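A.B. asks: I'll drop the sequence and a predicted model, then ask my questions.
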Amino acid sequence: MTHFLDIDKTNPVQLRSIIDTARRMKDARANYAKGALDSEQPLAGHMVALIFEKPSTRTRVSFDVGTRQMGGQTMVLSGADMQLGHGETIADTARVMSQYVDLIMIRTFEEATLLEMAEYASVPVINGLTNRTHPCQIMADIMTFEEHRGPIKGKKVVWLGDGNNTFTSFVHAAGQFGFDLTFTGPEVLEPAQSLLDEARSKGVNIEVRRDPHTAVKDADLVVTDTWVSMHDPQSARERRHNQLRGYQVNEDLMSQAKPEALFMHCLPAHRDDEATSQVMDGPQSVIFDEAENRLHAQKAIMRHCLGV
C-alpha cells in the first residue's frame, strides 16, 4: 500500500520522481492546450473520494480537476455528510470506503484521524492537510521554486510568522530535498522544539531568528502564511496581529534577501497583513504559479499512490 501521509514518510527518490512526473504532466497539459492530443488517462476507471472535514478552495478544486484531467471520477464528501468518527469509527469508515473507491484524499483536523484512516483502509490515502502538516502544498512549492531557479538543494529558505502545519512540512522537506531553513517569528509562535531537534538530528540545517531582517539576509526563498485561521475567534485574531505585525513581508524586508529571491504564500492571503500587495503582485512573487502547481503536484502524487 502506497500512502502519501507526510513528506518525511516518503523517501527522497520517490519525492523526486513525483516532482519530475508533475513537471512532465504540466508540460503535456500545456501542449494539449495548444492543440496536441491528450492521450494520457492514467486514472480512467478509478474513483477518488475527497473527504473534507475542513473547508477548502484550492485543495478541493485542484484534486477534483486533477482527477478528471487524468480520466478518473471524484466523490466529494464533507464531515457533515459522513459524521466522521462520530456515528461510526474511523476504522470502520475506512474499511467501508475501501470497498467503493480506489483512492482516498482526506483534509481533516487531527493527525490521528488521518493515521487511523490509512491504517484500516485497503486503498491508498493522501494527506490533504491536518493540523500538524500540509505535505501536498510543499510539494507544489518545491516544484515552483525549481521551475524558476533550478535545484533547491543547498538553497536558503526563510519562513516568517507562525510555526504552523505548513512550516512543519517545510521542515520535513528540508531534510528530504537538502535545503537550509530559517524560522523567524515571535517566540510564542515558534515551532515545537521537538520538531527542530528531530530535524537537526537528521542533519537539517535549521535556524530560529527573532529579527526578520537578519533572518532573510541572503535568502533564496521567502515564505509566509496567513496570520489567522478561519476558525479563530475575533480575540485571537487581534492578538495574532499584534504578535506578528513585525513579521510582515514588505518591499523593505524583501530587499534584504538575494536580488533573485522568490516570494511564496500558499493562499488564501489577507493582503497588507502578512504580506503587502506590492510584494504579492511584484516581480519576485510566484504565488499564482505556486497555486497552479498544486494541481500538477497532486496529480503526480495520485499516480504515485496508485502506481499508474
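C.D. replies: Sure thing, it's come through. Since the model is a prediction, treat every value here as computed from it, not as a measurement.
A.B. asks: ok, and for stretch 57-65, which residues are buried?
C.D. replies: 58, 59, 60, 62, 63, 64 (16 or more other C-beta atoms under 10 Å). Where C-beta positions appear, they are placed from N, C-alpha and C, glycine not excepted.
A.B. asks: How is residue 242 classified with respect to secondary structure?
C.D. replies: For residue 242, the assignment made with DSSP: H, G, I helix; E, B strand; the rest coil gives helix.
A.B. asks: what about it, how many neighbours?
C.D. replies: Residue 242 has 10 neighbours, counted by other C-beta atoms under 10 Å.
A.B. asks: for residue 225, same thing?
C.D. replies: Residue 225 has 23 neighbours, counted by other C-beta under 10 Å.
A.B. asks: check contacts around it.
C.D. replies: Listed by C-beta atoms under 8 Å, 6 or more residues apart in numbering, the contact set of residue 225 reads 161, 162, 164, 166, 167, 265, 266, 274.
A.B. asks: How about the backbone phi and psi for residue 104?
C.D. replies: phi -120, psi 130 (degrees, to the nearest 10).
A.B. asks: Touching, it and residue 127? I think so.
C.D. replies: No: Residue 104 is beyond contact range of residue 127, at 10.4 Å (criterion: C-beta atoms under 8 Å).
A.B. asks: which secondary structure elements does the host helix or strand of residue 30 contact?
C.D. replies: Applying DSSP states H and E as the criterion places residue 30 in helix 12-33. On a contact count with 3 or more C-beta pairs under 8 Å, 6 or more residues apart in numbering; DSSP states H and E, helix 12-33 meets helix 135-149, helix 165-177, helix 287-306.
A.B. asks: Make JSON lines out of those and add mean neighbour count, mean pLDDT and distance to residue 280.
C.D. replies: Below are the helices and strands packed on helix 12-33 laid out as JSON lines (neighbours: other C-beta atoms under 10 Å; pLDDT from 0 to 100; distance: least, C-beta to C-beta, whole Å):
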{"stretch": "helix 135-149", "mean neighbour count": "23", "mean pLDDT": "98", "distance to residue 280": "15"}
{"stretch": "helix 165-177", "mean neighbour count": "23", "mean pLDDT": "98", "distance to residue 280": "17"}
{"stretch": "helix 287-306", "mean neighbour count": "22", "mean pLDDT": "98", "distance to residue 280": "6"}
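A.B. asks: want to throw these into CSV with distance to residue 203?
C.D. replies: What follows is those, written out as CSV (distance: least, C-beta to C-beta, whole Å):
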stretch, distance to residue 203
helix 135-149, 18
helix 165-177, 7
helix 287-306, 25
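A.B. asks: what's the closest of those to residue 259?
C.D. replies: helix 135-149 (12.1 Å; C-beta to C-beta).
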